[in-house]
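Peer 1: pasting the structure only:
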């Protein structure tokens, strides 16, 4: 097997994507196709609520995605029963709007085009209504104070889409809420409702293909308008009307009735009187409409960010006929979503269902959305998380939480596989660490579906680095954050039982430990910086005895750690899956930046942010005693990555000072640790971001901002270093490297290269030990951009450093600044 492209073929399969939602309103859209779109940093992410799996991410935006909108959305699902292709709009913080096409039959995506004449500032909202099953009119608002109206037309070939700018409206204050509707009784005319950074709702109306003019203003709210939604036309007491619902930061929800007037021949006196009593009247063409306040809904205790009508439902066998249910969904920063309906007897709107009130970690909801058939509701929260409830009741409402995809909502800085590769641990600037793993379920068709199964650390600082501590049966890790302390965490019994339930490991939980020493889980301290253990014996006593007189947060465990028998939902992850912190390692003078553990699980090396040689020291810590046993000085700026050789004899470090250093590490029989600096070499012209050892030898790779990857080897028993080969210059800075050993006798390998632009490449290396000849290298596969990150690749890790003979494929994990954790299966075809 070689790497000349003839003997070896590689096939890359996407196994898992984990990502959180951008923390902004209007970011989520549930389409008539059943898929949910949302922004994850600069990517448009798609997930399937039925399978609770992320489907894909769409690259193209160069700024954070602020809003998404399906064409048709769940609101117009009744028009999309036999639609082969669905469209998606996405707007970003740079003002650009993209149009995407999704083919249901092929399950393929296409970036159709960028909407011309982009906004000058970030897009804040996109709203649309379907003129026909394939044509739509949509409006976009921006922080630049502009509201643009567009028409999307599909050509007969159904492959090309035409975009026409119908109108541009400029307002004094930016709009953040929009809603469009065809006027009742006169579908050639449309109404546009806008709300923003004042307490008024602005109604514009006009011909569907022409300019819009101001119609009226609706007053009543006392704070900024946050959400607007028109219903389909309904009949109220013999009147043809459309209902407009609005929500605001004043915690209130208002329902407005836009009724079609019988005639425009009323006297001026009657018009003025009617307008004064009921509400404003405006005229469009030969029709006039009156808007009046129908209801005021009060129930939320904080800002109401989202309000949405129940999707229309088919009323007969004729697919185009439908009716508008009198039902609303609201989402608020008070951590609840409410379903509102009018009482049958009085007609007064009441909150019939409230969900989310126990989500004490959700920190409020930014939006709520109906599924196309109205049997599920989805919220996205301040913590970048999704919350899904489904009505499983037959004759009555019974809303139960469902599994959803989850992930980080800030750049993911580092990741590490467990010792045997059972699960993947990642850390992020969202101040959490998360465990992702396959969950083997015999009921499901998927042999192994990946989920987030634990959140070991919820911290008060951005976490920069992590390393699992090696050792059979040991589940411990060390992490470093934007603080001077390195923290050690150990898995509690609840987690060990959980991974056994997932079918990941056949082992017996240590029942021979003293009962009072078994750690069941952990509790968060008041300041959120330390996690204290909950013991098995103490936990039932605290939960059963009378708490009278106990008032401090420290003495009452809020967490309820249990062994999970199915993948957890967000409420369980956020609070009940913490790991106890067992030790703190003090010594560095600045924030911790890089960590690694040797393969024997005896030493840990750490570095911190530095601008001088004294601060840039690498500290060695002994596992077990947790004492600092040595300090290695070589670099003058921050050490960006550390890695031990396969036999733990050498420690490789790379730095912002453009140098790499190799230290010879010796441990005596008495346990004393000493080191010797073998070499310090300026290897690149720019910062060195990444390094990786050959798992079978003393060859290693370095990657730099100068867009190069260089392969080196230790010679003369480790006393000198030789440059073997420099790979061709890449298109972007090299930010991550990971070396996989394929065959020990021939010493062939596969190097995964991650780039600053988000792309990943695999390079084959063969015969690196041959004397007087450079090793042969070749590009084996370049990952499809739609599978890759859309921002900097922060770290790459093969599940095992060596490919086993019984496995055709190997798992490669990656994390990036796009908030994503990704797992790929690299299949070897011989």
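Peer 2: Thanks, I have the structure now. These numbers come from a predicted model, not from an experiment.

Peer 1: ranges for the strands of the stretch 151-300 of the chain?
Peer 2: Assigned by DSSP state E, counting those that start in this stretch, the stretch 151-300 of the chain shows strands spanning 161-170, 175-182, 189-196, 200-207, 212-219, 225-230, 234-236, 239-248, 252-260, 281-284, 287-298.

Peer 1: before we move on, what about the stretch 501-650 of the chain?
Peer 2: Applying DSSP E, counting those that start in this stretch to the stretch 501-650 of the chain gives strands spanning 519-524, 531-535, 581-585, 592-597, 603-608, 618-622, 628-632, 639-644, 650-655.

Peer 1: Other residues contacting the last one?
Peer 2: It stands for strand 650-655. With contact meaning CB atoms under 8 Å, 6 or more residues apart in numbering, strand 650-655 is reached by 605, 607, 616, 618, 632, 634-645, 660-665, 675, 678, 683, 687-691, 693, 698, 700, 702, 714, 718. From N, CA and C alone the C-beta is placed, and that goes for glycine too.

Peer 1: got a pLDDT number for the closest residue to residue 586 other than its chain neighbours?
Peer 2: Excluding the flanking residues, the one nearest residue 586 by CB to CB, 6 or more residues apart in numbering is residue 485, at 6.1 Å. Residue 485 is assigned a pLDDT of 94 by the prediction.

Peer 1: tally of neighbours for residue 485?
Peer 2: Residue 485 has 18 neighbouring residues, counting by other CB atoms under 10 Å.

Peer 1: Next, work out how far apart it and residue 479 are.
Peer 2: 10 Å (CB to CB, to the nearest Å).

Peer 1: returning to what we had before: can you lay out the strands of the stretch 151-300 of the chain as JSON lines showing mean pLDDT and mean neighbour count?
Peer 2: As requested, the strands of the stretch 151-300 of the chain are exported to JSON lines (pLDDT from 0 to 100; neighbours: other CB atoms under 10 Å):
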{"stretch": "strand 161-170", "mean pLDDT": "90", "mean neighbour count": "15"}
{"stretch": "strand 175-182", "mean pLDDT": "93", "mean neighbour count": "24"}
{"stretch": "strand 189-196", "mean pLDDT": "93", "mean neighbour count": "25"}
{"stretch": "strand 200-207", "mean pLDDT": "93", "mean neighbour count": "20"}
{"stretch": "strand 212-219", "mean pLDDT": "92", "mean neighbour count": "17"}
{"stretch": "strand 225-230", "mean pLDDT": "95", "mean neighbour count": "25"}
{"stretch": "strand 234-236", "mean pLDDT": "76", "mean neighbour count": "14"}
{"stretch": "strand 239-248", "mean pLDDT": "90", "mean neighbour count": "23"}
{"stretch": "strand 252-260", "mean pLDDT": "92", "mean neighbour count": "22"}
{"stretch": "strand 281-284", "mean pLDDT": "86", "mean neighbour count": "18"}
{"stretch": "strand 287-298", "mean pLDDT": "90", "mean neighbour count": "18"}
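
Peer 1: Format these as JSON lines; extra columns: distance to residue 731.
Peer 2: Output for the strands of the stretch 151-300 of the chain, formatted as JSON lines (distance: least, CB to CB, whole Å):
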{"stretch": "strand 161-170", "distance to residue 731": "30"}
{"stretch": "strand 175-182", "distance to residue 731": "38"}
{"stretch": "strand 189-196", "distance to residue 731": "41"}
{"stretch": "strand 200-207", "distance to residue 731": "46"}
{"stretch": "strand 212-219", "distance to residue 731": "45"}
{"stretch": "strand 225-230", "distance to residue 731": "42"}
{"stretch": "strand 234-236", "distance to residue 731": "56"}
{"stretch": "strand 239-248", "distance to residue 731": "46"}
{"stretch": "strand 252-260", "distance to residue 731": "51"}
{"stretch": "strand 281-284", "distance to residue 731": "54"}
{"stretch": "strand 287-298", "distance to residue 731": "54"}
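
Peer 1: shaky segments in the stretch 351-500 of the chain?
Peer 2: Applying pLDDT under 70 to the stretch 351-500 of the chain flags the ranges 357-362, 441-447.

Peer 1: try it again with 50
Peer 2: The stretch 351-500 of the chain contains residues with pLDDT under 50 at 359, 442-445.

Peer 1: So residue 667 sits against residue 598, correct?
Peer 2: No - if you go by CB atoms under 8 Å, residue 667 and residue 598 don't touch, sitting 9.6 Å apart.

Peer 1: So for those two, which sits in the more crowded spot?
Peer 2: Neighbours per residue (other CB under 10 Å) separate residue 667 from residue 598, with residue 598 holding more: 23 against 19.

Peer 1: contacting residues for the more buried one?
Peer 2: 470, 604-605, 644, 648, 665.

Peer 1: Now mean pLDDT, distance to residue 282 and mean neighbour count too, for the strands of the stretch 501-650 of the chain, in CSV please.
Peer 2: As requested, those are exported to CSV (pLDDT from 0 to 100; distance: least, CB to CB, whole Å; neighbours: other CB atoms under 10 Å):
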stretch, mean pLDDT, distance to residue 282, mean neighbour count
strand 519-524, 77, 55, 23
strand 531-535, 77, 59, 20
strand 581-585, 93, 63, 17
strand 592-597, 95, 61, 24
strand 603-608, 95, 65, 25
strand 618-622, 94, 72, 21
strand 628-632, 92, 76, 18
strand 639-644, 96, 63, 24
strand 650-655, 95, 67, 24
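
Peer 1: just so I know, which of those strands lies nearest residue 783?
Peer 2: strand 639-644 (21.7 Å; CB to CB).

Peer 1: Just checking: what are the partner strands of that closest one?
Peer 2: Its sheet considered, strand 639-644 pairs with strand 650-655 (antiparallel) by DSSP bridges.

Peer 1: could you give the angle of the partner strand to strand 618-622?
Peer 2: Between the axes of strand 650-655 and strand 618-622, defined by axes from the mean of the first three to the mean of the last three CA atoms, to 10 degrees, the angle is 140 degrees.

Peer 1: could you point out which element follows strand 650-655?
Peer 2: Next in sequence after strand 650-655, counting helices and strands by DSSP states H and E, comes strand 659-667.

Peer 1: and the helix or strand that comes right after that following strand with strand 618-622, angle?
Peer 2: Once the chain leaves strand 659-667, the next helix or strand it forms, by DSSP H and E, is strand 673-682. Between strand 673-682 and strand 618-622, the angle comes out at 150 degrees (the same axes, to 10 degrees).

Peer 1: Residue numbering should commence at 639 henceforth.
Peer 2: With the count now opening at 639, the last piece we talked about shows up as strand 1311-1320.

Peer 1: Buried residues in strand 1311-1320, which are they?
Peer 2: By neighbour count on 16 or more other CB atoms under 10 Å, the buried set for strand 1311-1320 is 1311, 1313, 1316-1318.

Peer 1: Quick check: the nearest residue to residue 666 once chain neighbours are set aside vs residue 702, distance?
Peer 2: Once flanking residues are discounted, residue 666 sits nearest to residue 676: 4.6 Å by CB to CB, 6+ apart. Between residue 676 and residue 702 the computed distance is 12 Å (CB to CB).

Peer 1: Tell me the residues that contact both of the two, please.
Peer 2: residue 660.

Peer 1: still on that earlier bit, can I get the buried residues of strand 1311-1320 in TSV with pLDDT?
Peer 2: Shown next, in TSV, are the buried residues of strand 1311-1320 (pLDDT from 0 to 100):
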residue	pLDDT
1311	83
1313	87
1316	91
1317	91
1318	92
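
Peer 1: Let me have the residues you listed in CSV, adding distance to residue 804 as columns.
Peer 2: Formatted as CSV, the buried residues of strand 1311-1320 follow (distance: CB to CB, whole Å):
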residue, distance to residue 804
1311, 73
1313, 71
1316, 70
1317, 67
1318, 65
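
Peer 1: Double-check the residue nearest to residue 1224 against residue 1225; I have them as touching.
Peer 2: No - in this structure, residue 1123 is not within contact of residue 1225 by CB under 8 Å, at 9.1 Å.
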